[in-house]
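[1] After the sequence you'll find the predicted model.
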Amino acid sequence: MKRLAKPRKEALTAAIRDLIRVLGNEDAMSLIKVLPGARVSVPKLPKEDHPLRLALSPAGFDRLIAEWGGGLLEVPKGDAYLRQMRYDHVLQCRAQGMTVDETAKETGYCRRHVINIMEKPQPPTAVADAAPVSRAGWANDPFGLVAAR
């Protein structure tokens, strides 16, 4: 799977938003991947081989110590966030004109799940006068011919 789409802000929980505010997006995602759902004791005076130092960039680790040093950090699990990122990635792939099969391969979802995501009504975009797109026939479009229209 390639780089995921940037998620919508409403997909982020308060705990993830707080973690991103302090650490930045890359370090927050790294921490969530390494220690999902864990309660971590953040040291005031860390050692060089501390597990958090190994999971974060030097700047991110310093910001973590400054914010939560000497306390406990509840690392969010991030399942809903990662799921929303993959969902948005499907929408992004289809907006780029990729076929259902290409989108499934790109996102790691099965073909049927990509089709199910595409059949869900999408929130309105900022462009109010855009013509509606017909999704008829996408379920039976193994060669991606509907996207070419």
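    On my side now, so go ahead.
[2] When you work out contacts or count neighbours from here on, use the C-alpha atoms and nothing else.
    OK.
[3] For Ile36, give me its contacts.
    Small correction: residue 36 is Pro, not Ile. Pro36 makes contact with 75-78, according to C-alpha atoms under 8 Å, 6 or more residues apart in numbering.
[4] Filter those residues down to just the ones in helices.
    Using DSSP state H to define helices, no part of these is located there.
[5] and this protein, what are its domains?
    Listed by automatic domain parsing, the domain ranges of the chain are 9-79, 82-140.
[6] now the first one: how far from the chain's centre is it?
    Spelled out, it's domain 9-79. 17 Å (C-alpha atoms, centre = their mean, to the nearest Å).
[7] Kindly provide the whole-number mean pLDDT of it.
    Domain 9-79 shows an average pLDDT of 86 in the prediction.
[8] now swap in stretch 100-108 and tell me
    What stretch 100-108 shows for mean pLDDT is 90.
[9] what's the closest of the contacts of Pro36 to Arg112?
    Among the contacts of Pro36, Gly78 lies closest to Arg112 (C-alpha to C-alpha), at 24.4 Å.
[10] Can you name the residues that contact the residue lying farthest from the centre of the chain?
    Residue farthest from the centre of the chain, counting by C-alpha atoms, centre = their mean, is Leu45 at 32.2 Å. Applying C-alpha under 8 Å, 6+ apart, we find Leu45 in contact with Gly69.
[11] those helices in the chain, which residues are they?
    In the chain, the segments counted as helices under DSSP H are 14-23, 25-34, 51-55, 58-68, 79-95, 100-107, 111-119.
[12] Can you tell me how far the spatially most central residue of the chain is from Ala28?
    Taking C-alpha atoms, centre = their mean, the centroid of the chain lies closest to Met85, which sits 3.0 Å from it. Counting by C-alpha to C-alpha, to the nearest Å, the gap from Met85 to Ala28 is 15 Å.
[13] Same question for Ala59.
    12 Å.
[14] Please say which of these two ends up with more neighbours.
    Ala28 (22 against 13; other C-alpha atoms under 10 Å).
[15] Return the residues in contact with that one.
    16, 19-20 are the contacts of Ala28 under C-alpha under 8 Å, 6+ apart.
[16] Could you tell me how many residues sit around Val100?
    Close neighbours of Val100, defined as other C-alpha under 10 Å, add up to 28.
[17] hang on, it packs against Ile117?
    No - between Val100 and Ile117 there is no contact under C-alpha atoms under 8 Å: 10.7 Å.
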